[in-house]
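S.K.: Could you work out the structure for the sequence below:
(2 chains)
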Amino acid sequence: AQSVTQLGSHVSVSEGALVLLRCNYSSSVPPYLFWYVQYPNQGLQLLLKYTSAATLVKGINGFEAEFKKSETSFHLTKPSAHMSDAAEYFCAVSAPGRQKVTFGTGTKLQVIP
Amino acid sequence: NAGVTQTPKFQVLKTGQSMTLQCAQDMNHNSMYWYRQDPGMGLRLIYYSASEGTTDKGEVPNGYNVSRLNKREFSLRLESAAPSQTSVYFCASSGSWGQGAAEAFFGQGTRLTVV
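M.R.: Below is the predicted model of the structure:
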């Protein structure tokens, strides 16, 4: 079975500061990992995904994440936060060939002017 | 390009009433999913359909039924609504997983309140 743990249900950063959202995974097989973003009153949108190719994955809107097997982590980063980054972010995991995707509990990002 | 369309967007039900949430996708995806989203609990999978004609239970299937009507449509039915089913429901679809992880596309959600 796969699972993900997102550390911190709420994160606040100043505009222009580094964004770091933490995700640790548990999986009995090499996982596929995802980050999704949800803006208020909308569905989820894929930011980036890891599928066992490059360990550093670049996504949309300047976000990137690094797969670290030794730390079972897949943290999401962005060098400089924008006001438009305020949203809820979800880490998710699945196993290759499996249909089920398991989501974390989400982290709400607040960007302070 | 509509993507994934869910109806209705909002619904209020009385305890014991039934209703069906509709979902349709126009991306020719094989797989479709129903999730519920509750504060502090993320998204939990209710049911999914890997292909037309097949459905499987997810994490929280109790109190729900689904129908994969055709490749485009995947409906979720609450036979006897309970207050615990108050939630935001999301439908999603994805292409084939055979060649790696397929991106899931989500609908806008249905906000359901059971009183």
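S.K.: So stretch B:72-85, near chain A or not?
M.R.: No. In terms of Cβ under 8 Å from any Cβ of the partner chain, no part of stretch B:72-85 sits within range of chain A; the closest distance is 12.8 Å. C-beta here means a position set from N, CA and C on the backbone, and glycine is covered the same way.
S.K.: what's the answer for stretch B:39-46, then?
M.R.: Yes. Residues of stretch B:39-46 are located near chain A by Cβ under 8 Å from any Cβ, namely B:Gly40, B:Met41, B:Gly42, B:Leu43, B:Arg44, B:Leu45.
S.K.: how about that stretch: buried residues?
M.R.: Within stretch B:39-46, the residues that qualify as buried are B:Gly42, B:Leu43, B:Arg44, B:Leu45, B:Ile46, counting by 16 or more other Cβ atoms under 10 Å in any protein chain shown.
S.K.: returning to that earlier point: format the residues of stretch B:39-46 next to chain A as TSV; extra columns: pLDDT and secondary structure.
M.R.: Shown next, in TSV, are the residues of stretch B:39-46 next to chain A (pLDDT from 0 to 100; DSSP: H, G, I helix; E, B strand; the rest coil):
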residue	pLDDT	secondary structure
B:Gly40	85	coil
B:Met41	86	coil
B:Gly42	88	strand
B:Leu43	91	strand
B:Arg44	93	strand
B:Leu45	92	strand
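S.K.: And the residue nearest the centre of chain B, how far from B:Tyr64?
M.R.: By Cα atoms, centre = their mean, the mean C-alpha position of chain B lies nearest to B:Trp34, the distance being 2.5 Å. Per Cβ to Cβ, to the nearest Å, B:Trp34 is found 8 Å from B:Tyr64.
S.K.: what touches both of these two?
M.R.: Common neighbours of B:Trp34 and B:Tyr64 (criterion: Cβ atoms under 8 Å, 6 or more residues apart in numbering or on different chains): B:Ile46, B:Tyr47, B:Leu76.
S.K.: rewinding a little: would you confirm that the residue nearest to the centre of chain B contacts B:Val88?
M.R.: No. At 11.6 Å, B:Trp34 does not count as touching B:Val88 under the criterion of Cβ atoms under 8 Å.
S.K.: So which helix or strand of chain B has the lowest pLDDT on average?
M.R.: Least confident helix or strand, chain B: strand B:104-106 with a mean of 89, by mean pLDDT, DSSP states H and E.
S.K.: Which single residue in chain B comes nearest to chain A?
M.R.: Going by Cβ to the nearest Cβ, chain A is nearest to B:Phe106 of chain B, at 3.3 Å.
S.K.: excluding its backbone neighbours, what's nearest that residue?
M.R.: A:Gly43 (3.3 Å; Cβ to Cβ, 6 or more residues apart in numbering or on different chains).
S.K.: near chain B, which residues of chain A show up?
M.R.: Neighbours of chain B within chain A, by Cβ under 8 Å from any Cβ: A:6, A:9, A:32, A:34, A:41-46, A:49, A:51, A:90, A:94, A:96-106.
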